[in-house]
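Trainee: have a look at this prediction, sequence included:
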Amino acid sequence: MKVNAHNPRRHRRHRGFLLVFSLLFASSTACFATVPINQPQAKSIENYTSPDHSFTIAFPKDWTKDEKGHPYGDLTTIAGVRLTGPLGSEGVPVAISVLHYCGEGLFKSPEEFIHNKLNSIGRIDSDRKVVLTDIKIAKRPGKSFQIKTFKLVYLRHPVQPPTREGVVYELAPPYIQVNLLEQFLVIPATKGFFVLNYCAPEQRVGDYQRCFDQVVESFQPQLP
């Protein structure tokens, strides 16, 4: 006759295994708990309405806001904001801009704006064919594209030491070139068009992409 003897040591091992498994499962579910990252806390964002009341957005509260000095502002009417974020070691800050071009003067249509950017002398990837991507923002169709540009950052040199006879000196350039990646989202409107732009040094594009995505998600045009 077979007797199933109870082994307390084995029973304790099973209970210990179940306890460890339960703790691991609980910690894994905590790691995968979903957090609405597209809904930042109210204290971390600022709501913004453009001066011409053509759109509203929400942006990180600790970024610098500038509503003046827009590119091409002397050649056409532009309303909106440029947001300046953290400054990196290369000397160029991350920037986001949301602008409404009125459709008069230099750029009368989204196509003219896109053509200008793709043929800009500031592009460092002009040999690359850019593909326009169809997008939809705030239920409105538009186009998206990326280009590489650059910015010259002037260096602060120490006071030049006195020269010595017989020594050949070579002057180093007073600046360095920082390569940038720019993303453009162009949305037509009944009057003009909107341009949402993200610009960052190539090495830091991914660091603040989510900030730009949140601004895009918050974008609400007020023009039909």
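Mentor: Arrived safely.
Trainee: so where is the protein shaky, pLDDT-wise?
Mentor: Counting by pLDDT under 70, the chain shows low-confidence ranges at 1-43, 157-161, 169-173.
Trainee: can you pull out the helices in it?
Mentor: In the chain, the segments counted as helices under DSSP state H are 8-31, 110-118, 209-218.
Trainee: tally of neighbours for the residue lying closest to Leu99 once chain neighbours are set aside?
Mentor: For Leu99, ignoring the flanking residues on the chain, the nearest one in space by C-beta to C-beta, 6 or more residues apart in numbering is Gly80 at 3.6 Å. Heads up, the C-betas are built off the backbone N, CA and C, glycines and all. Neighbour count for Gly80, taken as other C-beta atoms under 10 Å: 22.
Trainee: could you do Pro110 as well?
Mentor: Look at Pro110: counted by other C-beta under 10 Å, it has 20 neighbours.
Trainee: would you mind measuring from it to Leu180?
Mentor: According to C-beta to C-beta, to the nearest Å, Pro110 stands 22 Å off from Leu180.
Trainee: one more: Ile124?
Mentor: To Leu180, Ile124 is 9 Å away according to C-beta to C-beta.
Trainee: check contacts around the nearest residue to Ala200 once chain neighbours are set aside.
Mentor: Leaving aside its chain neighbours, Ala200 sits nearest to Val94 (4.5 Å; criterion: C-beta to C-beta, 6+ apart). Going by C-beta atoms under 8 Å, 6 or more residues apart in numbering, Val94 touches Thr84, Gly85, Pro86, Gly88, Cys199, Ala200, Pro201, Arg204, Asp207, Tyr208, Cys211.
Trainee: Gly88 - how many residues pack around it?
Mentor: Going by other C-beta under 10 Å, the residues that sit close to Gly88 add up to 15.
Trainee: also Glu104?
Mentor: For Glu104, the neighbour count with other C-beta under 10 Å is 12.
Trainee: for Gln209, see how far away it is.
Mentor: 33 Å.
Trainee: next one: Asn179
Mentor: According to C-beta to C-beta, Asn179 and Gln209 sit 17 Å apart.
Trainee: what does Val186 give?
Mentor: Val186 is 18 Å from Gln209, by C-beta to C-beta.
Trainee: equivalent analysis for Pro93, please.
Mentor: Plainly put, Pro93 is 15 Å away from Gln209 if you go by C-beta to C-beta.
Trainee: same question for Arg128.
Mentor: 20 Å.
Trainee: between the two, who's got more neighbours?
Mentor: It is Gln209, of Arg128 and Gln209, that has more neighbours when counted by other C-beta under 10 Å, with 14 against 11.
Trainee: I figured the more buried one hits Cys199, correct?
Mentor: No. Using C-beta atoms under 8 Å, Gln209 is not in contact with Cys199, being 11.7 Å away.
Trainee: any idea how far Leu181 lies from Tyr198?
Mentor: Taking C-beta to C-beta, one finds Leu181 at 8 Å from Tyr198.
Trainee: what's the answer for Ile96, then?
Mentor: According to C-beta to C-beta, Ile96 and Tyr198 sit 6 Å apart.
Trainee: and if you look at Arg210?
Mentor: Counting by C-beta to C-beta, the gap from Arg210 to Tyr198 is 11 Å.
Trainee: then stretch 118-127 to CSV, C-alphas only?
Mentor: In CSV, the C-alpha atoms belonging to stretch 118-127 read as follows (Å, rounded to 0.1, in the frame of the first residue of the first chain):
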residue,chain,number,x,y,z
LEU,A,118,12.6,72.6,-49.5
ASN,A,119,14.8,74.9,-51.7
SER,A,120,16.3,76.9,-48.8
ILE,A,121,20.1,77.5,-49.0
GLY,A,122,20.2,76.7,-45.3
ARG,A,123,19.5,73.0,-46.0
ILE,A,124,22.5,70.7,-45.5
ASP,A,125,20.6,67.7,-47.0
SER,A,126,19.6,69.4,-50.3
ASP,A,127,20.8,66.3,-52.2
